[in-house]
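Novice: need the 3D shape of this:
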Amino acid sequence: MLVIGNGYKIYSNDNPVKVIKEVKPTDAAANSTNTASPDANLDGVHIANFLQAVRTGKPHTSPIAEGHKSVLMCQLGNIAWQTGRVLNIDQRNGHIIGDSEAMRQWGRTYERGWEVTA
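Specialist: Numbers count the residues shown, from 1 in each chain. Got it, this is the predicted structure:
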């Protein structure tokens, strides 16, 4: 699959490779009030808002803490699905309690030289 903006193409595994499905993003200007359509081009709106916040110091339209909560639920759902178990979560930090196998999936592998240091 190849993602192009807010569109995508799905390719077959055949030889020669064929496009099975293609969804093209709309060419219309981004509209920050259109949150119902996956082709609303909201990526550009979010990026522009982030850059404006960095340049001007004004708050983000979508606070980072709220985005973290949304992504955390997706990540924990994926870990629960991959382990096949219900997860017990520490509500203060979102960490998995009492399941070392599931907790190993909490982190990520960084390229050499890009590791996070505290």
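
Novice: below-threshold pLDDT in the chain: ranges please.
Specialist: 1-7, 25-42, 118 (pLDDT under 70).

Novice: which parts of it are helices?
Specialist: Per DSSP state H, the chain carries helices over the ranges 42-56, 64-83, 100-104.

Novice: could you break this structure into its assigned domains?
Specialist: Split into domains by automatic domain parsing, the chain comes to 1-25+43-62, 64-104.

Novice: would JSON lines of the ones you listed with mean neighbour count and distance to E115 be doable?
Specialist: The C-beta positions use only the backbone N, C-alpha and C, and glycine is treated the same way. Below are the domains of the chain laid out as JSON lines (neighbours: other CB atoms under 10 Å; distance: least, CB to CB, whole Å):
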{"stretch": "domain 1-25+43-62", "mean neighbour count": "11", "distance to E115": "25"}
{"stretch": "domain 64-104", "mean neighbour count": "12", "distance to E115": "17"}
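
Novice: count of neighbours near E111?
Specialist: Using other CB atoms under 10 Å, E111 is surrounded by 6 other residues.

Novice: same check, this time on the one 3 residues further on
Specialist: W114 is flanked by 6 other residues according to other CB under 10 Å.

Novice: how near is it to R108?
Specialist: Counting by CB to CB, to the nearest Å, the separation of W114 from R108 is 11 Å.

Novice: could you do Q82 as well?
Specialist: Relative to R108, Q82 is positioned 14 Å away (CB to CB).

Novice: ditto for E115
Specialist: For E115, the distance to R108 - CB to CB - is 10 Å.
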